[in-house]
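1. could you look at this predicted model? Sequence included:
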Amino acid sequence: MSAHPYACPDILVGGTWRKGRHAQHLTVCNPATGEMLDNLHLANADDLQLALETTHKAFDHWRQVPAHERCARLERGVARLRESIDRIATLLTLEQGKPLAEAKAECALAADLIKWYAEEARRVYGRVIPARLPNSRMDVLKFPVGPVAAFSPWNFPLVLSARKLGGALAAGCSIVLKAAEETPASVAAMVDCLNQELPAGVLQLVYGVPSEVSQALISSPIVRKVTFTGSVPVGRHLAEMSARHLKRITLELGGHAPVIVCRDADLNRTVNMMVQHKFRNAGQACLAPTRFFVDRHLYNDFVEAFGAATQALRVGPGMQADSQMGPVASERRQAAVRDLIDRSIARGARAVTGGAPEMGSFVAPTLLADVPLDAPVLHEEPFGPVASAMPFDTLDQAIAQANANPYGLAGYLFTDSAKAILAVSERLEVGSLAINGMGVSVPEAPFGGVKDSGYGSESGIEGMEAFLDTKFTHYVA
């Protein structure tokens with residue numbers, strides 16, 4: 001076993017931590033070594049029913065807690081979370097594989113997200129509308145939508161859970177979080193930091209058979225809001241299920257982010273920034289820059305520089321101090337990424353870097369150049385350490401090619417041209433665009449996609465609004 005302490009958590013249901021009672025257990029493994037860490041006990045139907053009953057009762061209480069007190073409770077939980085960063089980051093690296101420095105950064109960002117939402121609880125404003133009649137008043141009021149069912153994935157389990165927890169709890173909603181079974185301990189540790197400051201049942205955490213959990217929670221009349229981050233196929237399924245039960249849903253789905261590099265871009269700055277961003281979390285990020293459209297005059301220099309920087313990355317277990325990129329999440333993910341690379345090379349793409357590391361669930365950082373427009377890697381989300389580069393001759397061509405797939409989450413542009421900035425800002429089909437930088441997701445700004453990348457926003461005032469109902473009142477004396 002690992003020299004680092006690791007144990008799968010209980011589920012948090014009915015106000016207490018308890019063992020899940022499902023007959024099925026899951027094994028959690030360290031993707032860097034294949035080592036079994038522990039067995040995870042899943043929630044069964046009775047556990048889920050208890051969670052629903054408890055969240056219903058807890059909502060009736062939590063919605064009446066004044067906003068300034070909700071803010072204070074969440075901020076105390078955030079302070080505890082920040083004190084626990086080293087411990088939680090270690091759990092995250094062991095079960096997910098990312099370098100320890102990245103795990104610490106993720107934990108810190110999760111704390112920032114919840115802190116921002118906590119502060120925003122005190123700024124949920126309605127408005128007064130000029131009255132139509134004498135001795136009357138027209139108001140618009142905001143109220144928490146109700147109990148929330150939230151589903152978060154394994155790639156950034158802390159941040160993507162925090163976006164949902166922070167918004168729901170700050171708005172006055174109770175929440176049942178179904179987090180990823182692959183990364184249970186880190187999320188449970190974060191939840192525990194918050195739960196210690198909350199009334200029993202306001203926050204609950206379950207792990208289970210995904211189809212069983214989603215069916216139980218979404219079909220229940222108790223749940224009034226659904227929020228999901230994950231793959232497009234699962235998002236479609238949950239959207240259909242939510243529609244059948246008339247549940248509001250926020251979907252943050254896949255991405256295949258284009259990067260447009262214009263002739264006047266600072267080559268060294270662009271390459272250094274994008275290599276860092278592309279291979280963070282072994283490329284397992286929906287906002288990772290993936291498809292590089294580079295002005296033909298700069299293209300050869302870009303491919304050479306990007307390839308050299310990629311080749312220089314130190315790949316190894318996340319607990320190894322000098323590792324810059326860890327493994328992908330599992331052998332299944334490793335096989336899928338390798339298959340996508342192989343099929344794209346067969347279509348005519350040229351492998352500038354890459355290879356097949358032998359240990360654990362690793363995939364070598366890969367750059368494919370001269371990628372044909374019909375290559376699979378341009379149309380299927382890689383969700384791994386794979387970047388593709390293609391030259392363009394005109395900005396119109398680059399924008400058209402960047403828009404030529406069903407995803408629309410994040411995009412990146414490198415130029416000093418005001419004309420190019422205006423054109424790309426208006427015409428690139430994405431929910432977030434970073435220009436000469438990589439900051440497409442911050443707590444105070446909305447994050448969400450267009451097209452198959454989902455709908456609705458998390459973070460920012462838009463993310464808070466997703467957990468609120470609007471009521472119009474017209475009072476005549």
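-> Good, I have the coordinates.

2. the longest helix anywhere in the chain packs against which elements?
-> Counting residues, the longest helix in the chain under DSSP state H turns out to be helix 100-120. Where contact means 3 or more Cβ pairs under 8 Å, 6 or more residues apart in numbering; DSSP states H and E, helix 100-120 is packed against helix 67-83, helix 85-96, helix 157-171, helix 184-195, helix 460-465. (C-beta placed from N, C-alpha, C; glycine too.)

3. contacts for the helix or strand just after that helix, please.
-> Counting by DSSP states H and E, the element after helix 100-120 in chain order, helix or strand, is strand 127-129. Contacts to strand 127-129, defined as Cβ atoms under 8 Å, 6 or more residues apart in numbering, come from residues 137-140.

4. just to revisit the earlier point, quick one: buried residues of the longest helix of the chain?
-> 100, 102-118, 120 (16 or more other Cβ atoms under 10 Å).

5. also stretch 367-384?
-> 367-369, 371, 375-378, 380-384.

6. gap between the two ends of that stretch?
-> This stretch, stretch 367-384, spans 11 Å end to end (Cα to Cα, to the nearest Å).

7. and the angle from the longest helix of the chain to helix 184-195?
-> Per axes from the mean of the first three to the mean of the last three Cα atoms, to 10 degrees, the angle that helix 100-120 makes with helix 184-195 is 30 degrees.

8. C-alpha coordinates for helix 100-120, CSV please?
-> The C-alpha trace of helix 100-120 is given here as CSV (Å, rounded to 0.1, in the frame of the first residue of the first chain):
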residue,chain,number,x,y,z
LEU,A,100,0.7,17.6,-6.3
ALA,A,101,1.3,21.3,-7.1
GLU,A,102,-1.7,21.2,-9.5
ALA,A,103,-3.8,19.5,-6.8
LYS,A,104,-3.0,22.2,-4.3
ALA,A,105,-3.9,24.9,-6.9
GLU,A,106,-7.2,23.2,-7.5
CYS,A,107,-8.0,23.1,-3.8
ALA,A,108,-7.2,26.7,-3.5
LEU,A,109,-9.4,27.6,-6.5
ALA,A,110,-12.2,25.6,-5.0
ALA,A,111,-11.9,27.7,-1.9
ASP,A,112,-11.9,30.9,-3.9
LEU,A,113,-15.1,29.8,-5.8
ILE,A,114,-17.0,29.1,-2.6
LYS,A,115,-15.8,32.3,-1.0
TRP,A,116,-17.0,34.4,-3.9
TYR,A,117,-20.4,32.8,-3.8
ALA,A,118,-20.6,33.3,0.0
GLU,A,119,-19.9,37.0,-0.5
GLU,A,120,-22.5,37.1,-3.3
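
9. off-centre distance for that helix?
-> When C-alpha coordinates are averaged (Cα atoms, centre = their mean, to the nearest Å), helix 100-120 and its chain have centres 13 Å apart.

10. cool, and stretch 462-473?
-> On Cα atoms, centre = their mean, the centre of stretch 462-473 falls 22 Å from the chain's centre.

11. pLDDT wise, what is Leu357 at?
-> Actually, residue 357 is Pro. It isn't Leu. With respect to pLDDT, Pro357 scores 64.

12. so how many other residues sit close to Arg338?
-> Neighbour count of Arg338, defined by other Cβ atoms under 10 Å: 18.

13. would you turn the buried residues of stretch 367-384 into a markdown table with pLDDT, secondary structure and distance to Asp46?
-> A markdown table is the format used below for the buried residues of stretch 367-384 (pLDDT from 0 to 100; DSSP: H, G, I helix; E, B strand; the rest coil; distance: Cβ to Cβ, whole Å):
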| residue | pLDDT | secondary structure | distance to Asp46 |
| --- | --- | --- | --- |
| Leu367 | 98 | strand | 51 |
| Leu368 | 98 | strand | 50 |
| Ala369 | 98 | strand | 55 |
| Val371 | 97 | coil | 51 |
| Ala375 | 97 | coil | 49 |
| Pro376 | 97 | helix | 44 |
| Val377 | 97 | helix | 45 |
| Leu378 | 97 | helix | 47 |
| Glu380 | 96 | coil | 40 |
| Glu381 | 95 | coil | 37 |
| Pro382 | 95 | coil | 40 |
| Phe383 | 96 | coil | 35 |
| Gly384 | 96 | coil | 38 |
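
14. what sits closest to Thr415 if chain neighbours are left out?
-> Nearest residue to Thr415, sequence neighbours excluded (Cβ to Cβ, 6 or more residues apart in numbering): Cys262, at 3.7 Å.
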